[in-house]
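What follows is a protein structure lacking sequence information:
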């Protein structure tokens, strides 16, 4: 592995966290998954 490969592998958990928790998704009405979960819990 090159140094660049290792750098990318170290960044992956942050990218997954951003995508799965913070980034807006069109399928969720441009809300982040966390915002969507909050809305569902509030019964909106």
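The structure has been received and is ready for your questions. Computed from a predicted model, the values in this text were never measured in an experiment. Numbers count the residues shown, from 1 in each chain.

Can you give the distance of the helix or strand of the chain with the lowest mean pLDDT from its chain's centre?
The helix or strand of the chain with the lowest confidence, counting by mean pLDDT, DSSP states H and E, is helix 3-17 at a mean of 92. Distance of helix 3-17 from the chain centroid (Cα atoms, centre = their mean, to the nearest Å) equals 14 Å.

who's in contact with that helix?
Contacts to helix 3-17, defined as Cβ atoms under 8 Å, 6 or more residues apart in numbering, come from residues residue 1. C-betas here are computed from N, CA, C, even on glycine.

What spatial separation is found between the nearest residue to residue 35 once chain neighbours are set aside and residue 14?
Nearest residue to residue 35 in three dimensions, chain neighbours excluded: residue 28, at 7.9 Å (Cβ to Cβ, 6 or more residues apart in numbering). Remark: distance between residue 28 and residue 14 (Cβ to Cβ, to the nearest Å) = 21 Å.

So for these two, which sits in the more crowded spot?
The neighbour comparison of residue 28 against residue 14 (other Cβ atoms under 10 Å) goes to residue 28, with 13 against 9.

What separation do you get for the more buried one and residue 39?
On the measure of Cβ to Cβ, residue 28 and residue 39 end up 9 Å apart.

And residue 44, what's its pLDDT?
Looking at residue 44, its pLDDT is 60.

Could you look up the SS state of the spatially most central residue of the chain?
What sits nearest the mean C-alpha location of the chain, by Cα atoms, centre = their mean, is residue 19, with 2.0 Å. What DSSP: H, G, I helix; E, B strand; the rest coil gives for residue 19 is helix.
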